[in-house]
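Peer 1: Here is a sequence with its predicted model. Questions after.
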Amino acid sequence: MSANERADPRWGDWEPVIGLEVHVQLSTRSKMFSTSSTAFGAAPNTQANAVDLGLPGVLPVINREAVRKAVQFGLAVGAEVNQRSVFDRKNYFYPDLPKGYQISQFKHPIVGRGALTVTLPGGEQRTIGITRAHLEEDAGKSIHDAVPGRTAIDLNRAGTPLLEVVSEPELRSASEAAAYFRTLHSLVRYLGICDGNLAEGSMRCDANVSVRRRGSNVLGQRTETKNINSFRFVEQAIDFEIARQIAVLEAGGSIVQETRLYDPDANETRAMRTKEDSDDYRYFPDPDLQPLVVSDQELEAIAAAMPELPTARRMRYVEQLGLTEYDAELIVADPDLAEYFEATAAAAGGGKAAANWILGDLTAALNRDECTVRESRVSSDQLGQLIQRINDGTISGKIGKTLFETLWNDADTRATVDGLIDARGLRQVSDSGAIETIVDDIIAANPKQVEQFKGGKDKVFGFFVGQVMKATQGKANPKAVNDILRAKLSG
Ligand code: ADP
Ligand code: MG
């Protein structure tokens, strides 16, 4: 699809341009430059030590695990990994930054240019350039609602390792930006480098937005909306900002380069401060840290240990397990769901039915009871067994659905599918002798309908099928019922 075909009628002659900066909290046990814990939820100010506070006389030490995770990310997006990178000091004053500077990589980031292929909501794929990804430390948190009338500071987060992933300004709509954010979220979880917990702030994004006349090649003036932590908010904030900028420009105004905040309650962005240029930060290499070197051996070891990535997994599901692209995409997006799927497919002896059940009945039940797939009340083993019993004709598909609900709602968690089938007498009746007897009775009891059928009213056939199913409580094998009915009614 060309850019013009993607044009959103809401924006008329304007084309949005979006670049995202995503902060990924790396899931290391200790901080970027100190030994204090990164665990979420501890009592305020219990997890910041002298290094995090920047007290005199202490020295930062680079966390190698964070480095390995950054390298893994670089390899996953096909980026050049810079085996020599440099930590700088980014100087600014803010109450939650006790050192007065943040250690970050500026001129020489660990990860250079790469790319991420994103599947858009309509199924179309686009490859978005990644400009760079650099290591840095997080700041503390300012808390505005803990102490009335004051701002409280919690420094537990200070020094937590972050990988900041910067995209090229190649996204063209809010939904593309959200899709990019989702894809990145899925990727870091597959890599195991971030827990992906958006609610706890493990991934936050800054959305840079500008608009320009369609067909123009120059970038418009942009604003940067900070710290968005949900897929939905990314989309809403960007849409709001696009509409706002277009209105300003069409009224003859101009866009000010500034930092804005998104307020989800009001669904609007508000100006926070005019944007600093990098000069304002007086970056310089941190004299306490040597350049970061990743040896050839280290790089090779990380490359050798790379897990299967979402793209490869999607292809495997399509090519080896017979899933549609669409189903594979849905399952792969969530590593927990993918794990459940693999276990179910293994237990069922095939992938196609497993995918249908997972995306149908299972997803519906999870949504209804608001639980995650890890909390599923039907295990992958149980679902696999259930599918097998449908495949081998022990139960009908329809009974299978009821059985699924039974497993979900009231069965003992240790209940086996076979046990329930026996205990509840759900076995499908495929024995043709038994079905014939029932069919004979029904034909004898309904002479009027038999006549109608013989007179060419084909629809009555459904009536007979219904009667047999009723008589067998839905347990008759539908194919056997069809065959026997056809034969007897036409005979
Ligand atoms: P900074 O760190 O000062 O925010 P960068 O130049 O590194 O600045 O850009 C940050 C992000 O802004 C990148 O994701 C980039 O793609 C995006 N960006 C830059 N210029 C524009 C623009 N005119 N419109 C939209 N996004 C932009
Ligand atoms: Mg920025």
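Peer 2: Yep, it's here. Ligands and ions are numbered 1, 2, ... in the order given.
Peer 1: Now do Glu65 against ligand 1, distance only.
Peer 2: Here the criterion is Cβ to the nearest ligand atom, to the nearest Å. By it, Glu65 lies 26 Å from ligand 1. Quick note: C-beta positions are derived from backbone N, CA and C, even for glycine.
Peer 1: Mind listing residues that contact whichever helix or strand that residue is part of?
Peer 2: Following DSSP states H and E, one finds Glu65 within helix 64-76. With contacts defined as Cβ atoms under 8 Å, 6 or more residues apart in numbering, helix 64-76 is touched by 24, 26-29, 32, 80-81, 110-112, 114, 133, 135, 161, 163, 165, 187-188, 191, 193-194, 292, 294, 298-299, 302-303, 306, 309.
Peer 1: quick one: which of these sit in helices?
Peer 2: If you go by DSSP state H, those have Leu187, Val188, Leu191, Glu298, Leu299, Ile302, Ala303 in helices.
Peer 1: By neighbour count, which bits of stretch 279-287 are buried? Give me those.
Peer 2: Tyr281, Tyr283, Pro285, Asp286 (16 or more other Cβ atoms under 10 Å).
Peer 1: returning to that earlier point: pull out the buried residues from the contacts of helix 64-76.
Peer 2: When these are checked for burial by 16+ other Cβ under 10 Å, the buried set is 24, 26-28, 32, 81, 110-112, 114, 133, 135, 161, 163, 165, 187-188, 191, 193-194, 292, 294, 299, 302, 309.
Peer 1: average pLDDT across the helix holding Glu65?
Peer 2: If you average the pLDDT over helix 64-76, you get 98.
Peer 1: after it comes which helix or strand?
Peer 2: Where DSSP H and E defines the elements, the next helix or strand beyond helix 64-76 is strand 84-85.
Peer 1: quick check: mean pLDDT across that next one?
Peer 2: Average pLDDT, strand 84-85: 98.
Peer 1: from here on, count from 38
Peer 2: Sounds good: first residue 38 from here, last item strand 121-122.
Peer 1: by contact count, what packs against it?
Peer 2: strand 329-330 (3 or more Cβ pairs under 8 Å, 6 or more residues apart in numbering; DSSP states H and E).
Peer 1: Can you give the distance from stretch 66-75 to the centre of its chain?
Peer 2: Relative to its chain's centre, stretch 66-75 lies at 27 Å (Cα atoms, centre = their mean, to the nearest Å).
Peer 1: repeat for stretch 338-349
Peer 2: Worked out by Cα atoms, centre = their mean, stretch 338-349 lies 18 Å from the chain centre.
Peer 1: Contacts for it next, please.
Peer 2: With Cβ under 8 Å, 6+ apart as the test, stretch 338-349 has contacts from 105, 108-109, 112-113, 154, 220, 223-224, 227-229, 353, 369-370.
Peer 1: Just the terminal-to-terminal distance for that stretch.
Peer 2: Terminal residues of stretch 338-349 lie 20 Å apart, using Cα to Cα, to the nearest Å.
Peer 1: Then stretch 482-498?
Peer 2: Where stretch 482-498 begins and where it ends lie 15 Å apart, using Cα to Cα.
Peer 1: now that stretch: mean pLDDT?
Peer 2: 90.
Peer 1: Kindly report the same for stretch 307-318.
Peer 2: pLDDT averaged over stretch 307-318 gives 81.
Peer 1: ok, and for it, which residues are buried?
Peer 2: Tyr318.
Peer 1: and that stretch, how far apart are its ends?
Peer 2: OK, stretch 307-318 end separation, Cα to Cα: 23 Å.
Peer 1: How about Asn245: what's its closest non-neighbour residue?
Peer 2: Closest residue to Asn245 apart from its sequence neighbours, by Cβ to Cβ, 6 or more residues apart in numbering: Gly56 at 4.5 Å.
Peer 1: Next secondary structure element downstream of the helix or strand where that neighbour lies?
Peer 2: Assigned by DSSP H and E, Gly56 belongs to strand 51-62. Downstream of strand 51-62, the first helix or strand assigned by DSSP H and E is helix 87-90.
Peer 1: Alpha carbons of that following helix, as CSV, please.
Peer 2: Presented in CSV, the C-alpha positions along helix 87-90 are these (Å, rounded to 0.1, in the frame of the first residue of the first chain):
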residue,chain,number,x,y,z
ALA,A,87,25.4,5.5,47.7
VAL,A,88,26.1,4.9,44.0
ASP,A,89,22.5,5.5,43.0
LEU,A,90,22.5,8.7,45.1
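Peer 1: now the biggest helix by length in the chain and strand 51-62, what's the angle there?
Peer 2: Ranked by residue count under DSSP H, the longest helix found in the chain is helix 268-287. Calculated by axes from the mean of the first three to the mean of the last three Cα atoms, to 10 degrees, helix 268-287 forms an angle of 140 degrees with strand 51-62.
Peer 1: The helix or strand following helix 268-287 near ligand 1 at all?
Peer 2: Next along the chain after helix 268-287, taking DSSP H and E as the criterion, comes strand 295-300. No. Using Cβ under 6 Å from any ligand atom, we find that strand 295-300 stays clear of ligand 1, coming within 8.9 Å at best.
Peer 1: where's Val95 relative to ligand 1, distance?
Peer 2: Taken as Cβ to the nearest ligand atom, the span from Val95 to ligand 1 is 28 Å.
Peer 1: check contacts around that residue.
Peer 2: The contact partners of Val95, by Cβ under 8 Å, 6+ apart, come to Ala87, Val88.
Peer 1: Retrieve the pLDDT associated with it.
Peer 2: At Val95, the model reports a pLDDT of 94.
Peer 1: Over to it. Which of the three states is it?
Peer 2: At Val95 the chain is in coil, as set by DSSP: H, G, I helix; E, B strand; the rest coil.
Peer 1: now do Gly397
Peer 2: helix.
Peer 1: Quick check, pLDDT for it.
Peer 2: On the pLDDT scale, Gly397 gets 97.
Peer 1: for Gly387, what are its contacts?
Peer 2: Counted by Cβ under 8 Å, 6+ apart, Gly387 has contacts Leu358, Gly359, Ile424, Asn428.
Peer 1: Need these in JSON lines (columns: distance to ligand 1 and pLDDT).
Peer 2: Formatted as JSON lines, those follow (distance: Cβ to the nearest ligand atom, whole Å; pLDDT from 0 to 100):
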{"residue": "Leu358", "distance to ligand 1": "36", "pLDDT": "94"}
{"residue": "Gly359", "distance to ligand 1": "39", "pLDDT": "94"}
{"residue": "Ile424", "distance to ligand 1": "45", "pLDDT": "97"}
{"residue": "Asn428", "distance to ligand 1": "49", "pLDDT": "92"}
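Peer 1: Ranking by neighbours, what's the top pick from those?
Peer 2: Within the contacts of Gly387, Ile424 tops the neighbour count with 24 neighbours, counted by other Cβ atoms under 10 Å.
Peer 1: gap between the residue lying closest to that one once chain neighbours are set aside and Tyr354?
Peer 2: Nearest non-adjacent residue to Ile424, counting by Cβ to Cβ, 6+ apart: Ala385, 3.8 Å away. Distance of Ala385 to Tyr354, computed by Cβ to Cβ, to the nearest Å: 14 Å.
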